[in-house]
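Asker: predicted model, plus sequence, below.
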Amino acid sequence: MSQALRKSLIDWLDDNYHFGDAEGLIGGDDDKSFLQNGILSSLGFVELLLFLDKSFGVRIERKDISPANFDSLNKIMNYVLAMPSYRGPR
């Protein structure tokens, strides 16, 4: 897994939602559900998708927008790293 991508995602969560506490909320469990644990709201997910597009060139297909791809740190990283258009830290 890309530690640089993970750090970028944690930094984004800290800057936009958790003011430096994202790592604590995730608690070392990169599979923890963002929705079930209040890490991101539905609006937060929209902002996350915009961040991924703007920062890493990841164009997300409408059919891919689901908890199966974006409901935890690991799911987001797996999805992003698998995208051919991804241009960012590996």
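Answerer: Sure, I can see it.
Asker: burial count for residue 61?
Answerer: Residue 61 is flanked by 8 other residues according to other Cβ atoms under 10 Å. (C-beta placed from N, C-alpha, C; glycine too.)
Asker: how about it, phi and psi?
Answerer: Reported as degrees, to the nearest 10, the phi and psi values for residue 61 are phi -70, psi 140.
Asker: report the longest helix in the protein, please.
Answerer: helix 42-56 (DSSP state H).
Asker: check which residues of that helix are buried.
Answerer: Buried residues in helix 42-56, counted by 16 or more other Cβ atoms under 10 Å: 44, 45, 48, 49, 51, 52, 56.
Asker: helices and strands around the helix or strand just after it, which ones?
Answerer: Using DSSP states H and E, the helix or strand that follows helix 42-56 towards the C-terminus is helix 67-70. The elements that helix 67-70 packs onto, with contact taken as 3 or more Cβ pairs under 8 Å, 6 or more residues apart in numbering; DSSP states H and E, are helix 42-56, helix 73-82.
Asker: same list, these, but as CSV with mean pLDDT please.
Answerer: Formatted as CSV, these follow (pLDDT from 0 to 100):
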stretch, mean pLDDT
helix 42-56, 93
helix 73-82, 96
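Asker: indicate which one of those is closest to residue 7.
Answerer: Smallest distance to residue 7 across these (Cβ to Cβ): 10.9 Å, for helix 73-82.
Asker: and the angle from that closest one to helix 42-56?
Answerer: 30 degrees (axes from the mean of the first three to the mean of the last three Cα atoms, to 10 degrees).
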